[in-house]
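Chemist: Sequence first, then the predicted structure, then my questions.
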Amino acid sequence: MRTGRRDRNDAPDRERVTDSTIANYRKFIESRMKSGLTVQRFKPGSASQIRLRRDPDRYSDFEIRNIIANGEVWTGSGVETRPLFPPP
């Protein structure tokens, strides 16, 4: 019985995605991984994923936070998140 929810198994395979923007993005990510760089998903609310590289001690209170990713929204408190969409 179908519930209206999509499971990961229902998602299109990578090979079937034809949108040129997505295909280009995936090539970019694959090239970064092949060259040994780390690839991460954004973590909403995290202040540690993007950091200053030059003189971070001088700007100790500077931070960048991603506020939304993969259907999760940062609540504005610590690293707490909530779903963007209510469950079906």
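Modeler: On my side now, so go ahead. Numbering: from 1, shown residues only.

Chemist: C-alpha only now, for contacts and for neighbours.
Modeler: Will do.

Chemist: name the element Ile22 belongs to?
Modeler: helix 20-34 (DSSP states H and E).

Chemist: which other residues reach stretch 66-74?
Modeler: Identification of contacts with stretch 66-74 by CA atoms under 8 Å, 6 or more residues apart in numbering yields 42-47, 80-85.

Chemist: circling back to that earlier point, can you give me how far the very next helix or strand once past the helix holding Ile22 is from the chain middle?
Modeler: Proceeding N to C from helix 20-34, the next assigned helix or strand is strand 68-69, under DSSP H and E. On the basis of CA atoms, centre = their mean, to the nearest Å, strand 68-69 sits 6 Å off its chain's mean C-alpha point.

Chemist: Could you list the domains of this structure?
Modeler: 10-39, 40-88 (automatic domain parsing).

Chemist: Average pLDDT for the shortest one, rounded please.
Modeler: Translated: domain 10-39. The average pLDDT within domain 10-39 is 80.

Chemist: and stretch 79-86, how far apart are its ends?
Modeler: 20 Å (CA to CA, to the nearest Å).

Chemist: Run through who's touching that stretch.
Modeler: 44-46, 71-75.

Chemist: redo that, cut-off 6 Å
Modeler: Stretch 79-86 has contacts (CA atoms under 6 Å, 6 or more residues apart in numbering) with 45-46, 71-75.

Chemist: Between the residues you listed, which sits nearest Arg32?
Modeler: Ser46 (22.1 Å; CA to CA).

Chemist: quick revisit: quick one, which of the contacts of stretch 79-86 are buried?
Modeler: 45-46, 72-74 (16 or more other CA atoms under 10 Å).

Chemist: Mind picking the one among those residues that's closest to Ser31?
Modeler: Ser46 (25.3 Å).

Chemist: The closest one: what's it in contact with?
Modeler: 65, 79.

Chemist: per-residue confidence for it?
Modeler: For Ser46, pLDDT reads 93.

Chemist: how close does it sit to Leu37?
Modeler: 20 Å.

Chemist: Next: Ala69.
Modeler: Using CA to CA, Ala69 is found at 21 Å from Leu37.

Chemist: Comparing these two, which shows the higher neighbour count?
Modeler: Ala69 (15 against 11; other CA atoms under 10 Å).
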